[in-house]
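S.K.: Model the following, please.
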Amino acid sequence: MKKPQTDFDYMQNLVEDFFKRASIKSALRVIANQSITGWEVWFQIEFARFLTEHESEPEWLREYPLEYDWRKEKHRSYFKPDFIIRKKGWALDRYIALEMKQHAQTGNCLSNMAADLVKVARIRESQLNVRSIWALGVFPTDEDSNLEEMIQTKLEAIGQSYYSDRVLAARINKTPFSYALF
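M.R.: Okay, here's the model as predicted:
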């Protein structure tokens, strides 16, 4: 699936604004200090709250069921992306799908993100016009890792295109975490 630059720019803006929030950084420090695991649903709920309050006033749906194209997926009927997002002012029937992940291991997080992109790509095109599919993951910062190289390797291993100008990988200031968007 294509990754339009306008979609990336919008998602980059949302993600950067989200991780600038003091409440998110504070919560991530607690998660790290207390070794809390399994906080992906919290992450998604906080992102939902953020979208509701964002100045761009996006329309969004959480876990909206999308029917798989039976020619591409034989085992399941539906997939529920974490979010379907439409920026105010965009065509009424065109959306962005977003999958969100968190993991204690960078490589596992990136692999899970890439696998979700494959799942979303199997939805029936006539069901909902999904302009692009994005994955956002949070993981502990590893200074020795080259995130862009790891992302490229993970995507190419599963036959997905890698767009170097549509990848965002950064540390979350004042936390021991980083994130990636691709």
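
S.K.: helix/strand/coil for S35?
M.R.: Following DSSP: H, G, I helix; E, B strand; the rest coil, we place S35 in the coil state.

S.K.: Let's test this: what are the backbone torsions at it?
M.R.: phi 50, psi 40 (degrees, to the nearest 10).

S.K.: tally of neighbours for it?
M.R.: Using other Cβ atoms under 10 Å, the number of residues around S35 comes to 7. Placement of C-beta: from N, CA and C, glycine included.

S.K.: from what I can see S132 touches K2, true?
M.R.: Yes. Contact criterion Cβ atoms under 8 Å: S132 and K2 qualify, at 6.4 Å.

S.K.: quick one, which of the two is more surrounded?
M.R.: Per other Cβ under 10 Å, whichever of S132 and K2 has more neighbours is S132, with 20 against 10.

S.K.: Find the helix or strand that that one is a member of.
M.R.: Using DSSP states H and E, S132 sits in strand 129-140.

S.K.: Pull up the pairing partners for that strand, direction included.
M.R.: Here strand 129-140 has these sheet partners by DSSP bridges: strand 94-102 (parallel), strand 177-181 (antiparallel).

S.K.: where do the strands sit along the chain?
M.R.: 59-62, 66-67, 78-79, 83-86, 94-102, 129-140, 168-171, 177-181 (DSSP state E).
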